[in-house]
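K.L.:
Prediction below, plus the sequence it came from.
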Amino acid sequence: MQIHDLILSSDIEYETGFSPDLLRKWRQRYGFPLQEVLTDGKAAYSRETVKRLLQIKRLLENGLMPAQVVSRSVDELNRLLQAIANDSHNTSANELIKKLIERLMHMDQVGFNALLDSSRNAGTLSEFVTNTVAPLLTSIGVAWAKGEIEVYHEHLCSSLIERYLHTELLLYKPRGGFPIILFATPPEEQHALGLLMAEVILAEQGAKTINLGRSIPLNHMKLAAISCQANIVALSFSFAIAERRIRPILQHLRHILPADIEIWAGGSGAEIIKRPQKGVRILLNFEDTVVAIKEYTKHISVKE
């Protein structure tokens, strides 16, 4: 096998979104993904393995668990992906989503942003995130599963959406009586777009938002929360975080944070927490996010 057919272990997270540590745990538990050892001692993955990891990523994004997919063959993964594609008629039928994907396929950033503008101007920012951005990201995965787009189209989509939402954030100023919310993803969590989507929804509601970014050590979150006098620390857990690590992360952060700072956790990974401890709130979707901020502000106003 030629060197250009391999992806170095140090680059695998950028290529797939899966950290080397997570892949090592999968290799120990499921026997996949296997590595090649180069003559200089460095570890690498074949492009066939990377493609299979991307298939697994799509399935995890659609709610399947690692134990259900990691050890499956390429043919089995393809059948599962096709089943998801066939079951996604409700999102893929949306004309706006189709047009957005067409713009991505033609690398038409101006046209893509123009379509986002038309959707954004038709309603609230919360409606835009819920009804356009979230279905678009799902449909991008489905389009990849069907072989209609390449991975670089997804990278472009994520980049353009992030820029668009960051621009929207600048338009909102915090309102009196609303909390200060510190946003971050925990160590090893590189997926931050969902957290950004929640941030813009809460900013529109009136919260002051401060986003530390990806893969922040918990002690740094604590120091930042105290420094900015945050009322809430909001975290996002994706499919890429090992399930057994999620509860300990929340427990440790709850232990080191002052008791009056709440923890809100969302993302597909957070769904495994059925009984959160006191001071931790699990948000399963963006509607939960709006309900949470309204309940929080109502509770504060009653206390005052």
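P.N.:
Sure thing, it's come through. This one's a predicted model, so the numbers in the text were calculated from it and none came from an experiment.
K.L.:
pull the helix or strand with minimum mean pLDDT from the chain.
P.N.:
Within the chain, judged by mean pLDDT, DSSP states H and E, the helix or strand with the poorest mean is helix 89-92; its value is a mean of 46.
K.L.:
Could you look up the next helix or strand downstream of that helix?
P.N.:
Using DSSP states H and E, the helix or strand that follows helix 89-92 in sequence is helix 95-105.
K.L.:
Show me which residues of that next one are buried.
P.N.:
Residues of helix 95-105 classed as buried: 96, 97, 100, 101, 103, 104 (neighbour count, 16 or more other C-beta atoms under 10 Å). C-beta here means a position set from N, CA and C on the backbone, and glycine is covered the same way.
K.L.:
Quickly find the element holding the nearest residue to the second one once chain neighbours are set aside.
P.N.:
If I follow you right, that is residue 97. Ranked by C-beta to C-beta, 6 or more residues apart in numbering and with sequence neighbours excluded, the top spatial neighbour of residue 97 is residue 139, at 4.9 Å. Per DSSP H and E, residue 139 falls inside helix 134-145.
K.L.:
CA-only coordinates of the following helix or strand past that helix, as PDB, when you get a sec.
P.N.:
Following the chain from helix 134-145 toward its C-terminal end, the next helix or strand by DSSP H and E is helix 151-169. What follows is helix 151-169, C-alpha atoms only, in PDB (Å, rounded to 0.1, in the frame of the first residue of the first chain):
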ATOM      1  CA  VAL A 151     -17.000  15.000   2.600                       C
ATOM      2  CA  TYR A 152     -15.600  18.300   1.600                       C
ATOM      3  CA  HIS A 153     -19.200  19.500   0.900                       C
ATOM      4  CA  GLU A 154     -20.000  18.800   4.500                       C
ATOM      5  CA  HIS A 155     -17.000  20.700   5.700                       C
ATOM      6  CA  LEU A 156     -18.000  23.700   3.600                       C
ATOM      7  CA  CYS A 157     -21.600  23.500   4.900                       C
ATOM      8  CA  SER A 158     -20.400  23.500   8.500                       C
ATOM      9  CA  SER A 159     -18.000  26.400   7.900                       C
ATOM     10  CA  LEU A 160     -20.700  28.500   6.300                       C
ATOM     11  CA  ILE A 161     -23.200  27.800   8.900                       C
ATOM     12  CA  GLU A 162     -20.800  28.600  11.700                       C
ATOM     13  CA  ARG A 163     -19.900  32.000  10.100                       C
ATOM     14  CA  TYR A 164     -23.600  32.800   9.600                       C
ATOM     15  CA  LEU A 165     -24.600  32.000  13.200                       C
ATOM     16  CA  HIS A 166     -21.600  33.900  14.600                       C
ATOM     17  CA  THR A 167     -22.700  37.000  12.500                       C
ATOM     18  CA  GLU A 168     -26.200  36.600  13.900                       C
ATOM     19  CA  LEU A 169     -24.900  36.500  17.500                       C
END
